[in-house]
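Peer 1: Predicted model and sequence follow; I will ask about them next.
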Amino acid sequence: MKLNINGRDVTVDAAPDRMLLYVLRDDLDLTGAKYGCVEGQCGACTVLADGIAIRSCVTALKAVATRKIVTIEGLEREGNLHPVQQAFLEKGAFQCGYCTPGMIMSAVSLLGKNPKPSEAEVKRGMNGNICRCGTYPRIVEAVRMAAATTGVKRGTTSGA
């Protein structure tokens, strides 16, 4: 099956009903999307499909075969972090880091739809991404900081 991941066309030898998370991690060595609940509830496996946050643990390959997939590995460009990644670093919006890739991908999707969200809109938009360490206030600060920077839409739909 052919897929477009992080701006590159790749061919994977996998059944159409195989979950995207397993293909990303096991077949393509893109380990940023994490195994979490494997029920689509925690957000650790979040990636973008045409700029929209999806849970890769419950998304079959056939559902994304014609869509452009972006993983956390695909956000960085020419050695520069995406504004959301940079804001997470600057605000210390993580502790253990396990949820961070999913949080960042959800934030990128949110800012692609709403470039200047209020605090309440950030909280609503990030709902469903679970952080066991409880860094939610810093996550909200990081998303708002990224929204204030220029170029936040870069990478949201095409991985470019």
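Peer 2: That came through fine. Since we're looking at a predicted model, the values are computed, not measured. Residues are numbered from 1 along each chain as shown.
Peer 1: So which residues of this structure form helices?
Peer 2: Here the chain has its helices, by DSSP state H, at 20-22, 61-64, 83-91, 100-113, 119-126, 136-148.
Peer 1: of all those, which lies closest to G43?
Peer 2: Nearest to G43, of all the helices of the chain, is helix 100-113, at 4.3 Å by CB to CB. C-betas here are computed from N, CA, C, even on glycine.
Peer 1: Name the stretch among the helices of the chain that sits most buried.
Peer 2: Stretch with highest mean neighbour count among the helices of the chain: helix 100-113 (a mean of 25; mean count of other CB atoms under 10 Å).
Peer 1: Not counting sequence-adjacent ones, nearest residue to the residue most central in space within the chain?
Peer 2: Centroid-nearest residue in the chain: M105, 2.1 Å away (criterion: CA atoms, centre = their mean). Distances taken as CB to CB, 6 or more residues apart in numbering put T46 closest to M105, at 4.3 Å, once the chain neighbours are dropped.
Peer 1: I'd guessed that neighbour sits against V58; true?
Peer 2: No - using CB atoms under 8 Å, T46 makes no contact with V58, being 11.1 Å away.
Peer 1: And the two? Which one has more around it.
Peer 2: Neighbour count, other CB atoms under 10 Å: between T46 and V58, T46 has more, with 31 against 16.
Peer 1: I'd like to know how far that one sits from L110.
Peer 2: Shown here: T46 relative to L110, a distance of 11 Å by CB to CB, to the nearest Å.
Peer 1: Kindly report the same for L24.
Peer 2: 21 Å.
Peer 1: One more: Y136?
Peer 2: According to CB to CB, Y136 and L110 sit 14 Å apart.
Peer 1: cool, T31 as well?
Peer 2: Counting by CB to CB, the gap from T31 to L110 is 23 Å.
Peer 1: for T135, same thing?
Peer 2: Distance from T135 to L110, by CB to CB: 17 Å.
Peer 1: Identify the residues contacting the residue nearest to K68 when sequence neighbours are not counted.
Peer 2: Sequence neighbours aside, N4 is the residue nearest to K68 in space, at 4.9 Å (criterion: CB to CB, 6+ apart). Residues counted as contacts of N4 (CB atoms under 8 Å, 6 or more residues apart in numbering) are V10, R67, K68, I69, G159.
Peer 1: Mind pulling up the pLDDT for N4?
Peer 2: The model reports N4 with a pLDDT of 98.
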